[in-house]
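K.L.:
build me a model from this:
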Amino acid sequence: MPWHSRPITANCSCIIHSLEGLPAYLLLPVRRVNHGLGTSILLSLAVIVGAIVVRFIVAGLGRLAAGRGWQRSESARTRFWITQAINLALLVAVVVGLLSIWVADAGRFASIAGLVTAGLAVALQRVITSFAAYLIVLRGRIYTVGDRITMGGVRGDVVRVGFMQTSVMEMGAPPPSQNGNPETWISARQYTGRIVSLTNDKIFDNPVYNFTREFPYMWDEMGFPIKYGTDYQRAESILLDVARRHTDEHVQKAKPALEQLRERYVLALEIGLEPRVYVTLTDNWIQLTLRFLGPVHGMRAVKDAMGRDILAGFQDAKLEIASSTYDIVGFPPIRIEQGPPAR
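P.N.:
Numbers count the residues shown, from 1 in each chain. A predicted model of the protein is given here:
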C-alpha cells in the first residue's frame, strides 16, 4: 500500500511507522531538525562560554600583573596591547566558530554573509564606524593608553581603549583653553576626577591633539607686567636664571626626542629649547613673557616652583609687578557751603 494511503491513528508508533515509507529527500530535513539543530545550539553555546571563560582568565591575569607593578608606564602599555590582541583573537575565533557551525555550504555562506553585511551596514552604521576607528587606533599612531589627548572637546589621559569607546580621565585647562562642554572647574592641567567615554568614530570627525605620543614635552609661558622706569633687564635676568634652574633637566632630555621627531616630520630648522624672555610695550607697563620647555605631566608643579623663586627674586631686587590700578593725579576744585542751622 502506498505511504499516503496508510491510515493515520493517534498512536505515535503508528505515525513513526508510517514515516518509514517517506522518500529520503523528505526525511533529511526532519532528521536535521531533530538532531542537527540541537547539536548546533550546544556547540554555539560551548564556543561562547569558552570565549567568556578565556576572557575572564585574561582579565584575572591582567589584575595580577597590575598588582605586581604592571600598572605604570611601559608595563601598563604592554599589558594593554596584550589584552587587545587577545580580545581580537577571541572575537575572530567566536565569529569563525559560529559560522563553521551554522553554515556548511560555501555558496550559502557567501549569500548569508552578503545579506548580513548589508543589513548591519545600514542598522549599525555608528557601531561599525566606531569599530573601524578602533582598528585604525590600534594600527596607527593616533593614541594609546597613557597618552594625553584632546578629542571631541575633552582633554585628559587615555585610560582605556575598547572596541567602541575610548575612556579618558578628564583634566582641567587654563581659562583661555577651556572650550569643552561642559567647561571644567579646574583651571590647570590636573585631573577633575571624571571619566569621560567617547565613541571611537570621533577620530573621523574631529582633530585629535596628542600631547605625549611623539614629543612628551610642551612649551608654556608666564607673563609678568613690570612698571615703566623699573630695571626690566634685571627682571629679565631673574626670569632666565629661575627658568634655567628648573627646566635644564627637561631640556637635555628633550633634545634626543626632538631629533627623533625630525626624522619623522619636516620641522623648522631652528626650534629653541632654552628659556627665553620676550618684551612687549603696552600702555600701562612693560610685559615680560617667559617662554620655557617642560614635561607634559607635572607642568603645574614646575610653574609653581618657578613662580615662588621668581617672586622671591623680585622682592630681593626691589622690583615691583605692575597691576591695573589707577592713580588719581588731581581733583576738580571743591567748594563747601554751610547753610543756615536747622530749626
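K.L.:
what's the longest helix in this structure?
P.N.:
Longest helix in the chain by number of residues (criterion: DSSP state H): helix 232-264.
K.L.:
in that helix, what's buried?
P.N.:
232, 235-236, 238-240, 242-243, 246-247, 250-251, 254 (16 or more other Cβ atoms under 10 Å). Bear in mind the C-beta positions are built from the backbone N, C-alpha and C, glycine included.
K.L.:
can you list these in a markdown table and add distance to V154?
P.N.:
Formatted as a markdown table, the buried residues of helix 232-264 follow (distance: Cβ to Cβ, whole Å):
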| residue | distance to V154 |
| --- | --- |
| Y232 | 40 |
| A235 | 38 |
| E236 | 38 |
| I238 | 38 |
| L239 | 34 |
| L240 | 36 |
| V242 | 34 |
| A243 | 31 |
| H246 | 30 |
| T247 | 28 |
| H250 | 26 |
| V251 | 30 |
| A254 | 27 |
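K.L.:
need these in JSON lines with distance to T144 and pLDDT, can you?
P.N.:
Listed next are the buried residues of helix 232-264 as JSON lines, based on distance: Cβ to Cβ, whole Å; pLDDT from 0 to 100:
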{"residue": "Y232", "distance to T144": "45", "pLDDT": "93"}
{"residue": "A235", "distance to T144": "43", "pLDDT": "95"}
{"residue": "E236", "distance to T144": "41", "pLDDT": "96"}
{"residue": "I238", "distance to T144": "41", "pLDDT": "96"}
{"residue": "L239", "distance to T144": "37", "pLDDT": "96"}
{"residue": "L240", "distance to T144": "37", "pLDDT": "97"}
{"residue": "V242", "distance to T144": "35", "pLDDT": "96"}
{"residue": "A243", "distance to T144": "32", "pLDDT": "96"}
{"residue": "H246", "distance to T144": "29", "pLDDT": "96"}
{"residue": "T247", "distance to T144": "27", "pLDDT": "95"}
{"residue": "H250", "distance to T144": "23", "pLDDT": "95"}
{"residue": "V251", "distance to T144": "26", "pLDDT": "95"}
{"residue": "A254", "distance to T144": "21", "pLDDT": "94"}
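K.L.:
which one of the residues you listed is nearest L290?
P.N.:
Closest to L290 out of those is L239 (4.7 Å), distances taken as Cβ to Cβ.
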